[in-house]
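Colleague: Could you work out the structure for the sequence below:
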Amino acid sequence: MLDLGCGTGRLAARLSSQFSVYTGVDMESMVAQARNRCPSLSEYFVSSNIASYRFPQRAFDLVLSIACISCGACNRLNLPDLMQEVASSLTRGGRFIAIEPFHRHSLLARQLRLSAKEFASTATECGLQLVEWRAVHTWPFRMLLSRAKCASFPRFTKAGYRIGEILLKVSPKSMGDYSFFVFEATDGTERYD
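Modeller: Alright, predicted model coming up:
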């Protein structure tokens, strides 16, 4: 599996236990911390900018991106190239899972100002078939409840999250902060089973 934006390796041990080969890619400063955290996986961390990483062809059953693509790994211009690289790196029937906060509004967008729908469209145009898309957590409550002051009021926080879950059911695609995507590798003409 390929962990795009592996960060400091917080998930590396768990992910590597599920796959025969694990590869984590991130900037040098993050990879250095990941190697310290998971010395047994040290050789599997690759220091590289995601946009310049050399994706091996048909090498991964799973490519995972958690808040990597939308938070600075690429821009609107090189996103199609990155999605084509991801698609070509997947084995037959391989999956690409992206858990990303895509938004067009500058108040909500991290680095890449792009809607979740635009991201899904770009990925499908590059040979990835959308299998699942759902929203995770509502943006109004994420902005409010993520403040340190709210931690002192657990009842308020709990109620806020409940209201957020209701809003997600009413309008999931517009109220979701993060989007959870599952794509499957295709050759452009058929879905792999």
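
Colleague: can you map out the helices along this structure?
Modeller: All helices of the chain, identified by DSSP state H, fall at 12-16, 28-37, 79-89, 116-125, 139-145, 154-170, 172-175.

Colleague: what stretches of this protein score poorly on pLDDT?
Modeller: 103-112, 137-151, 168, 172-176, 187-193 (pLDDT under 70).

Colleague: so R35 touches S47, yeah?
Modeller: No - in terms of Cβ atoms under 8 Å, R35 does not count as a neighbour of S47; the distance is 9.5 Å. All C-beta spots, glycine's among them, are computed from the backbone N, C-alpha and C.

Colleague: the more surrounded of those two?
Modeller: Relative neighbour count places R35 above the other of R35 and S47, with 19 against 16, counting by other Cβ atoms under 10 Å.

Colleague: Identify the spatial nearest neighbour of the more buried one, chain neighbours not counted.
Modeller: Closest residue to R35 in three dimensions, ignoring its sequence neighbours and counting by Cβ to Cβ, 6 or more residues apart in numbering: S42, at 4.4 Å.

Colleague: State the number of residues packed around the one you found.
Modeller: When neighbours are counted by other Cβ under 10 Å, S42 registers 13.

Colleague: swap in A159?
Modeller: Number of residues near A159 (other Cβ under 10 Å) recorded here: 13.

Colleague: Comparing the helices of the chain, which comes out most buried?
Modeller: Comparing the helices of the chain by mean neighbour count (mean count of other Cβ atoms under 10 Å), helix 79-89 ranks first with a mean of 19.
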